[in-house]
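**Q** After the sequence you'll find the predicted model.
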Amino acid sequence: MAIDTLSSLIFTGPLSWTVDAACEGRTELFFAPAGERPEARVVRENKARAICMECPVLAPCRDWARDQREYGFWGGESEEERAAAGFRVDMPVGRVARYPKGNGTPVQPRTPRVA
């Protein structure tokens, strides 16, 4: 016997902005399925970005993802875009982490090697 459950989460505190998020119910656009091909990722993230650009809570969503080093597409940014802005995830999916663990602050870029 299968039981279907529906959970409704109401966030308070630092996540209270989520009640106004335009992405509600669209998780499939914001988190990659296993084995996603690069071409499919571009399409999925473009759809997610279009929703984000119309969202009234874009800035707090982006700030949350940066501060918490979240995975997925948040606040109009992919993980790679957040990393380029200095906010890397603690451990990239499928890789051994090569970045220093931060305390929620941007990681300083490495100094270039001098030959």
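**A** The structure has been received and is ready for your questions.

**Q** longest helix in this protein, by residue count?
**A** helix 38-53 (DSSP state H).

**Q** Give me the buried positions along the lowest-mean-pLDDT helix or strand in the chain.
**A** Least confident helix or strand of the chain, by mean pLDDT, DSSP states H and E, is helix 79-84 with a mean of 88. Going by neighbour count (16 or more other C-beta atoms under 10 Å), the buried part of helix 79-84 is 79, 81-83. In this view, the C-beta of every residue, glycine as well, is placed from N, C-alpha and C.

**Q** and what of stretch 63-73?
**A** Quick answer for stretch 63-73 (16+ other C-beta under 10 Å): 63-66, 69-73.

**Q** pLDDT weak spots in this protein?
**A** 1-13, 90-113, 115 (pLDDT under 70).

**Q** coming back round to it: okay, the buried residues of helix 79-84 in CSV with distance to Ile51 next?
**A** Shown next, in CSV, are the buried residues of helix 79-84 (distance: C-beta to C-beta, whole Å):
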residue, distance to Ile51
Glu79, 17
Glu81, 16
Arg82, 17
Ala83, 22
